[in-house]
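[1] A predicted structure for the sequence below; I have some questions about it.
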Amino acid sequence: MKTKVLNNSHEETRRPPNKSETLGHCPDTPPKLVGPLHVEFNSKQTLHKVREEMGSHLLEGGRYKPPDCIAQQKVAIIIAFRNRHEHLIHWLYYLHPILMRQQLDYTVYVINQDGEGVFNRAKLMNAGYVEAMKQYDYDCFVFSDIDLIPMDDRNLYRCFDNPRHLAVAMDKFNFHLPYNTFFGGVSSLSKSQYLKINGFPNTFWGWGGEDDDIYNRIIFRGMSISRPDLVMGKYRMIKHKRDLHNEANPKNPGKLRQTLQTMNTDGINSLKYTVKEIKKDILYTFINVDIEAPLK
Ligand code: UDP
Ligand code: BGC
Ligand code: MN
């Protein structure tokens, strides 16, 4: 009887260790980063070719986990989207290899606005946050435009001690910030930073101002903005015209004087939308949402 118990415990110690027992945490500085990158949009990529090239490294839904270490953060990349399929191909082609080199445990969420109503970038981002949280215990959210490609892989798509603005040096603004409080393009917030500001506004229909409202929220909650320098923070934006149903909304700038009040009632606590479809491609999770957009 006694020997049998001893035998059992012996076998227990000889069991091959499972992965999470053997892997160490990924280092603070990912070792395979290369620095400045060549980015151009002339090459004719197809979704098919990008799938062939990098699909084997990914799990369904555009999900990745570093094979050789435990990622420091679980990151959901949220993209507000409608009718920019060519841009999506460029984004996936450039970003997947960068994000892999950054050793992130990440998933790419493309949040598509259903229908032809007025576009609402910030509300789509809110829906993306909620839908991502239903799938996995993310601790960091990167909110990105579909047309912005980083030109340096040291610009890490993760979260920091303060909300981070990543797209600090865009080509269309001469590789500078257009103004000091600019928070547009690409940003990252941890779950707690995002909840502290009640998420993003749902009421900025059409183009302009929603990123300035998010900036205000962050400052009003006593946080500051973290940023990479102007070398690591370079971006190329794929050239485009203003989209249909996303005209500059003249009502938006004036709303920015009210952020301190409106942020308490307009945000993640008032978000209403319905999911119409979730499709998992190997390169991304596509979520089609009805955000109750006005037609004009
Ligand atoms: N967007 C989109 N479809 C639209 C309008 C906007 O997918 O019809 C998304 C897309 O991610 C885009 C972002 O919203 O990059 C911001 O819009 P836009 O690029 O027009 O803004 P800007 O170029 O002025 O920063
Ligand atoms: C708008 C922002 C926009 C910025 C840069 C500002 O006037 O309010 O939403 O990101 O211009 O284009
Ligand atoms: Mn753009």
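    Perfect, I can see it now. Computed from a prediction, not measured in an experiment: that's the story for all the values here. Ligands and ions are numbered 1, 2, ... in the order given.

[2] show me where pLDDT drops low in the stretch 51-200 of the chain?
    Low-confidence regions of the stretch 51-200 of the chain, defined by pLDDT under 70, are absent; no residue qualifies.

[3] what's the closest non-adjacent residue to whatever residue of it ends up closest to ligand 1?
    In the stretch 51-200 of the chain, the residue that lies nearest ligand 1 is D145 (3.1 Å; C-beta to the nearest ligand atom). Just so you know, the C-beta spots here come from the backbone N, C-alpha and C atoms, and that holds for glycine as well. Of all residues not flanking D145 in the chain, G185 sits nearest, at 5.4 Å (C-beta to C-beta, 6 or more residues apart in numbering).

[4] The one you found and I146, how far apart?
    G185 sits 11 Å away from I146, taking C-beta to C-beta, to the nearest Å as the criterion.

[5] In the stretch 151-296 of the chain, mark out all the strands, start to finish.
    Remark: strands assigned in the stretch 151-296 of the chain by DSSP state E, counting those that start in this stretch are 164-165, 169-170, 186-190, 234-237, 274-280, 285-290.

[6] for the ones you listed, which one sits closest to ligand 2?
    The closest approach between ligand 2 and any of the strands of the stretch 151-296 of the chain, judged by C-beta to the nearest ligand atom, belongs to strand 169-170 at 9.1 Å.

[7] Could you list every helix and strand in contact with the closest one?
    If contacts are counted by 3 or more C-beta pairs under 8 Å, 6 or more residues apart in numbering; DSSP states H and E, strand 169-170 sits against strand 234-237.

[8] and this protein, which of its residues are near ligand 1?
    Within reach of ligand 1 by C-beta under 6 Å from any ligand atom, the chain has these residues: 79-84, 119, 121, 145-147, 184, 242-243, 246.

[9] Out of the residues you listed, the closest to T265 would be?
    R121 (19.8 Å; C-beta to C-beta).

[10] Neighbours of the closest one, how many?
    By the criterion of other C-beta atoms under 10 Å, R121 has 24 neighbours.

[11] And for P31?
    The local packing count at P31 equals 9, with neighbours defined by other C-beta under 10 Å.

[12] what do you get for Q258?
    Applying other C-beta under 10 Å, we find 12 residues neighbouring Q258.

[13] pLDDT score for it?
    Q258 is assigned a pLDDT of 98 by the prediction.

[14] ok, it to ligand 2 distance?
    Spatial separation of Q258 from ligand 2 under the definition C-beta to the nearest ligand atom, to the nearest Å is 15 Å.

[15] repeat for N249
    Going from N249 to ligand 2 by C-beta to the nearest ligand atom gives 10 Å.

[16] Next: I291.
    I291 is 18 Å from ligand 2, where distance means C-beta to the nearest ligand atom.

[17] V75 too?
    The gap separating V75 from ligand 2 is 23 Å, by C-beta to the nearest ligand atom.

[18] Okay, and I77 sits in which element?
    Secondary-structure assignment from DSSP states H and E places I77 in strand 74-81.

[19] What is that strand packed up against?
    Strand 74-81 makes packing contacts with helix 85-101, strand 105-113, helix 121-135, strand 140-144 when contacts are defined by 3+ C-beta pairs under 8 Å, 6+ apart.

[20] I'd like the ones you listed written out as CSV, with distance to G62 added.
    CSV is the format used below for the helices and strands packed on strand 74-81 (distance: least, C-beta to C-beta, whole Å):
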stretch, distance to G62
helix 85-101, 8
strand 105-113, 4
helix 121-135, 11
strand 140-144, 13
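
[21] For H165, find the nearest of those.
    The stretch from the helices and strands packed on strand 74-81 with the least distance to H165 (C-beta to C-beta) is strand 140-144; that distance is 10.5 Å.

[22] could you check whether that closest one is close to ligand 2?
    No: for strand 140-144, no contact with ligand 2 is found by C-beta under 6 Å from any ligand atom; the gap never falls below 12.7 Å.
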